[in-house]
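Engineer: next input, structure requested:
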Amino acid sequence: MVGRAVTAAELVAWWVALFVLWLMLISTIDVLEVIVGTAVALVGAVAACAARRAVRNR
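Structural biologist: Below you'll find the model as predicted:
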């Protein structure tokens with residue numbers, strides 16, 4: 001149970017960091033940019049968590 005909470009917290013932390021980075025790099029913030037940024041940040045967060053888990057389990 002604790003492992004899932006840690007994984008969820010890590011995923012949320014990555015998502016927030018990547019989403020904020022996305023918002024800083026775009027020139028105008030509109031609804032479409034926020035939707036795309038949300039999706040791209042989520043994909044990046046899942047990839048980052050998977051990569052860290054793969055390296056940890058070596």
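Engineer: for the helix ranked longest in the chain, packing partners?
Structural biologist: Longest helix of the chain, by residue count under DSSP state H: helix 31-56. Contacting helix 31-56 under the criterion 3 or more Cβ pairs under 8 Å, 6 or more residues apart in numbering; DSSP states H and E are the following elements: helix 2-25. In short, each C-beta sits where N, CA and C put it, glycine included.
Engineer: what packs against the helix it packs on?
Structural biologist: Here helix 2-25 is seen to pack against helix 31-56 when contacts are counted using 3+ Cβ pairs under 8 Å, 6+ apart.
Engineer: name the residues of the helix it packs on that are buried.
Structural biologist: Applying a neighbour-count criterion of 16 or more other Cβ atoms under 10 Å, one finds 37, 41, 44-45, 48-49 buried in helix 31-56.
Engineer: reformat the residues you listed as CSV; add distance to V2 and pLDDT.
Structural biologist: What follows is the buried residues of helix 31-56, written out as CSV (distance: Cβ to Cβ, whole Å; pLDDT from 0 to 100):
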residue, distance to V2, pLDDT
G37, 31, 93
A41, 25, 97
G44, 25, 97
A45, 20, 97
A48, 20, 95
C49, 16, 93
